[in-house]
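J.: this one's structure only:
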């Protein structure tokens, strides 16, 4: 085994990747983590995390990820702060390229590249992320108990977010660019019947208002082009997530949404390639579920490598 050939490479450094690293390192695998374009994952954009077990007081998202990374390093994980440019999973050892002339190889790979929330692309949206702008009502809705919220979107996720937030907030306005929802009929009926939820149709958000926190939104009606303002304390983007799988297209089986297909436990369609976290899980998308799947992937890798050694 050459210097660059490892037992396991973990691609991604969010909760799934770092938990996998902790377990793999404690299992004696000396893992390499390729941090990726967004080291720490989406929690790096989160201010207070109150739903991760073990923290009776809120912990900042970046602090939680820094703690996970230090824990992984303590057990012998090595980090390469780079992005993967291409992969070769056709033969073993598997090859992970980090540029034109730089590659790492390994007997097993855990993919934990996550998914990224889709955003509107507004300057005010970027500036107010974590200050009232969020892409996860389940994560951040608690901070706006008794306040007024806006959900942007009209699909299944948007309506789920609106229904969840209605249990906490004073009111929820759903801003949708069309005049009908794309969510399942039963979900639509629940939302229409909920007195806390109202709808603003044929409308897009042009600006999020507020300097240091969200104070409202400026919207534009797509039919009349009329501008108006809506006062609110929080804006939840629910226009979709994009799995970070571009580099794996044609290399692994993906579903029709672009997420990696998971088979038995954490296995993919290629023997020796495993998956963890939001890069396959578009249902839960929570730090704790991602961490749990990272744990399972690492244990599966340990068993896989032990089984291969016994065959040799």
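T.: Perfect, thanks for sending it. Keep in mind that what you see is a predicted model, and the values were worked out from it rather than measured.
J.: just the strands in the stretch 51-200 of the chain please.
T.: Here the stretch 51-200 of the chain has its strands, by DSSP state E, counting those that start in this stretch, at 59-60, 78-80, 86-88, 94-97, 103-111, 115-117, 133-134, 148-152, 171-175, 197-200.
J.: what residues sit buried inside the last one?
T.: Meaning strand 197-200. 197, 199, 200 (16 or more other C-beta atoms under 10 Å). To be clear about C-beta, it is placed using only N, CA and C from the backbone, and glycine gets the same treatment.
J.: test my guess that the first one contacts residue 175.
T.: No - in this structure, residue 197 is not within contact of residue 175 by C-beta atoms under 8 Å, at 11.9 Å.
J.: now do the shared contacts for those two.
T.: None of the residues lies in contact with both residue 197 and residue 175 under the rule C-beta atoms under 8 Å, 6 or more residues apart in numbering.
J.: for stretch 209-217, buried residues please.
T.: Quick answer for stretch 209-217 (16+ other C-beta under 10 Å): 209, 210, 214, 216, 217.
J.: for residue 170, give me its contacts.
T.: By C-beta under 8 Å, 6+ apart, residue 170 lies in contact with 146, 147, 148, 196.
J.: and if we set it to 7 Å?
T.: Counting by C-beta atoms under 7 Å, 6 or more residues apart in numbering, residue 170 makes contact with 146, 147, 148.
J.: show me what contacts residue 99?
T.: Residues near residue 99 by C-beta under 7 Å, 6+ apart: residue 85.
J.: burial of residue 191, as a residue count?
T.: Taking other C-beta atoms under 10 Å as the neighbour definition, residue 191 ends up with a count of 23.
J.: quick one: residue 159 and residue 186 touch, right?
T.: No - with contact defined as C-beta atoms under 7 Å, residue 159 does not reach residue 186; the gap is 10.0 Å.
J.: next one: the spatially most central residue of the chain from residue 38, what distance?
T.: Nearest to the mean C-alpha position of the chain, counting by C-alpha atoms, centre = their mean, stands residue 115 at 4.2 Å. Applying C-beta to C-beta, to the nearest Å, the value for residue 115 to residue 38 is 11 Å.
J.: out of the strands of the stretch 51-200 of the chain, flag the one nearest residue 72.
T.: Checking the strands of the stretch 51-200 of the chain against residue 72 by C-beta to C-beta gives strand 78-80 as the closest, at 8.0 Å.
J.: what residues does that closest one touch?
T.: With C-beta under 7 Å, 6+ apart as the test, strand 78-80 has contacts from 32, 33, 34, 35, 98.
J.: name the helices or strands packed onto the strand or helix carrying the second one?
T.: Looking back up the chat, that one is residue 33. Take DSSP states H and E as the rule and residue 33 turns out to sit in strand 32-34. On a contact count with 3 or more C-beta pairs under 7 Å, 6 or more residues apart in numbering; DSSP states H and E, strand 32-34 meets strand 5-11, strand 78-80.
J.: out of those, which gets nearest to residue 109?
T.: strand 5-11 (5.1 Å).
J.: what is the mean pLDDT for that closest one?
T.: The average pLDDT within strand 5-11 is 94.
J.: stretch 99-114 now?
T.: Model confidence over stretch 99-114, given as mean pLDDT, is 91.
J.: make 22 the first number, not 1, from now on.
T.: Okay, using 22 as the starting number, the last item reads as stretch 120-135.
J.: in that stretch, which residues are buried?
T.: If you call a residue buried by 16+ other C-beta under 10 Å, then stretch 120-135 has these buried ones: 124, 125, 126, 127, 128, 129, 130, 131, 132, 133, 134, 135.
J.: isn't the first one up against residue 116?
T.: I take that to be residue 124. Yes - using C-beta under 7 Å, residue 124 makes contact with residue 116 at a distance of 5.5 Å.
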